[in-house]
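Enquirer: My questions concern the predicted model and sequence given below.
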Amino acid sequence: SLPARRHPRMAIIGEQVGMMCRAELSENDENARGGDVFVDGGDNGSPVAPTNSVALLIEIAAIEATQDPCPECRSRSVDRYLGKSLQDGFLDISLFIWQCSLCTYKLVQVDESGPIRDRGRSVKLTVESDIDLRRDAAISSTASLSVPEIGLTLEHGRLGNRFSQLGPLLNNIYQDLSGSSDLSSTEDHDQYQAFQSFLSLFRSLLDSTSNFSIVIDDPLGRSLISGFNASNITVEEYVRPDHHVPNQS
């Protein structure tokens, strides 16, 4: 891959993929939005992540022209970026970002290469307003997601490897469950009614946008929710027994 360098689209790639990136933005740059993008801090004057930004701040560490055909426009104009998290407590997490320079195609995934951490992470967000549902979530293929208030649990690996705002992610989960033929068409009347009640509760929870929690548990510690220093986010690290290492083959 190419070494890190100034790239013509580096200043805007963050906004296009739903995250913010550290870039050489002047004070008058129209893309700069104060604390929502970055703040100056530290003895060396380097930009650092706002303590409670809803967007994940990343630093573009490498850029590679893949020559792969774009799934949308079929042009060979897809670049791959390696973005390193600048969020305190999650500096060991990196993201791969594929983006076409000619159309709107983009794909963001957690970098799952490299050594396995000896500790897992459980990140819990208490949703207090719709702002919290605009937080970014980087979810590796070994993570689980749960909403304890309604008994929703998607086991490790169910979500795959993805990057999304929490609101759209939960709505996608709701839509997938609503269209589940296994449960919605069951001949067991009691089971069907219980499932419909669950969906109704899930929908009410999403509409209320407050007073519920989201827990992302990753035995390999490669997942996060943006805004690590937010008062409504707690992070627990735990020692993971060797036999709990998910099979990644």
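Expert: Done, it's in.
Enquirer: show me what contacts residue 158?
Expert: Residue 158 sits next to 144, 145 when contact means C-beta atoms under 8 Å, 6 or more residues apart in numbering. Where you see a C-beta, it was placed from the backbone N, CA and C, and this is true even at glycine.
Enquirer: Can you check the pLDDT for it?
Expert: You'll see residue 158 listed with a pLDDT of 90.
Enquirer: Tell me how far it lies from residue 202.
Expert: Note on residue 158: its distance to residue 202, by C-beta to C-beta, to the nearest Å, is 16 Å.
Enquirer: and residue 136, how many neighbours?
Expert: Per other C-beta atoms under 10 Å, the neighbour tally for residue 136 reads 26.
Enquirer: Which strand residues bridge it?
Expert: Counting by DSSP bridges, residue 136 forms beta bridges with residue 165.
Enquirer: ok now stretch 56-69, how far from the chain's centre?
Expert: Stretch 56-69 has its C-alpha centroid displaced from the chain centroid by 17 Å (C-alpha atoms, centre = their mean, to the nearest Å).
Enquirer: Can you show me the CA trace of it as CSV?
Expert: Coordinates of the C-alpha atoms in stretch 56-69 are reproduced here as CSV (Å, rounded to 0.1, in the frame of the first residue of the first chain):
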residue,chain,number,x,y,z
LEU,A,56,-15.8,8.6,14.9
LEU,A,57,-12.6,10.5,14.3
ILE,A,58,-10.0,8.7,12.2
GLU,A,59,-6.7,9.4,10.7
ILE,A,60,-6.0,8.2,7.1
ALA,A,61,-2.8,6.2,7.4
ALA,A,62,-2.6,4.7,3.9
ILE,A,63,-4.2,4.9,0.5
GLU,A,64,-4.2,2.3,-2.2
ALA,A,65,-5.6,2.4,-5.7
THR,A,66,-7.1,-1.1,-6.0
GLN,A,67,-8.1,-1.1,-9.7
ASP,A,68,-11.1,-3.2,-8.6
PRO,A,69,-14.3,-2.6,-10.5
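Enquirer: Return the set of buried residues in that stretch.
Expert: Neighbour-count burial for stretch 56-69, counted by 16 or more other C-beta atoms under 10 Å, picks out 56, 57, 58, 59, 60, 62, 63.
Enquirer: got a markdown table for those residues, with pLDDT, secondary structure and distance to residue 149 too?
Expert: Output for the buried residues of stretch 56-69, formatted as a markdown table (pLDDT from 0 to 100; DSSP: H, G, I helix; E, B strand; the rest coil; distance: C-beta to C-beta, whole Å):
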| residue | pLDDT | secondary structure | distance to residue 149 |
| --- | --- | --- | --- |
| 56 | 81 | coil | 25 |
| 57 | 79 | strand | 30 |
| 58 | 80 | strand | 31 |
| 59 | 81 | strand | 36 |
| 60 | 81 | strand | 38 |
| 62 | 80 | strand | 41 |
| 63 | 83 | strand | 42 |
